[in-house]
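A.B. asks: Could you work out the structure for the sequence below:
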Amino acid sequence: MTFIIYIIFIFGITSATFVLRSNNMVYSALALIAVFFSSALILLLLKADFLGYLFIIVYVGAVSILFLFVIMNLSIKEDAFQQTII
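C.D. replies: So this is what the prediction gives:
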């Protein structure tokens with residue numbers, strides 16, 4: 001059981017680093033969904049069922065989809081985004 005939790009924990013940490021390192025905002029939002037899923041799975045394995053399902057419904061179902069919706073509707077060009085960073 002602890003081995004599975006460690007695997008999910010490592011997956012969550014690598015997804016979180018991909019969120020921070022990704023240049024593409026869509027890939028970053030998808031990796032954020034993976035982070036939310038891994039944290040929900042850890043809660044489900046630790047017998048905190050209500051919190052695990054709440055994470056899936058609220059964070060993955062609402063917040064992450066809202067992030068993707070805003071990113072897709074803004075349609076920021078990468079050239080303009082790179083110029084604002086520099």
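
A.B. asks: Can you pull out the low-pLDDT segments for this protein?
C.D. replies: Within the chain, the ranges that satisfy pLDDT under 70 run 75-86.

A.B. asks: Helices of that one, start to end?
C.D. replies: Ranges of helices in the chain, per DSSP state H, are 2-21, 25-45, 49-54, 65-74, 78-85.

A.B. asks: Next, find the distance separating the residue most central in space within the chain from Ala16.
C.D. replies: Geometric centre of the chain, nearest residue: Leu32, 1.2 Å, by CA atoms, centre = their mean. Look at Leu32 and Ala16: by CB to CB, to the nearest Å, they are 8 Å apart. Just so you know, the C-beta spots here come from the backbone N, C-alpha and C atoms, and that holds for glycine as well.

A.B. asks: what do you get for Val35?
C.D. replies: 5 Å.

A.B. asks: So which of the two has more stuff around it?
C.D. replies: A count of neighbours by other CB atoms under 10 Å puts Val35 above the other of Val35 and Ala16, at 21 against 16.

A.B. asks: buried stuff in stretch 24-36?
C.D. replies: Residues of stretch 24-36 classed as buried: 25, 28-36 (neighbour count, 16 or more other CB atoms under 10 Å).

A.B. asks: distance between it and the chain's centre?
C.D. replies: 4 Å (CA atoms, centre = their mean, to the nearest Å).

A.B. asks: what's in contact with it?
C.D. replies: Contact with stretch 24-36 is made by 11-12, 15-16, 18-19, 22, 55-56, 59-60, 63-64, 67-68, 71-72, 76, as judged by CB atoms under 8 Å, 6 or more residues apart in numbering.

A.B. asks: hmm, back to that, joint contacts of Val35 and Ala16?
C.D. replies: Here Val35 and Ala16 have no joint contacts, going by CB under 8 Å, 6+ apart.
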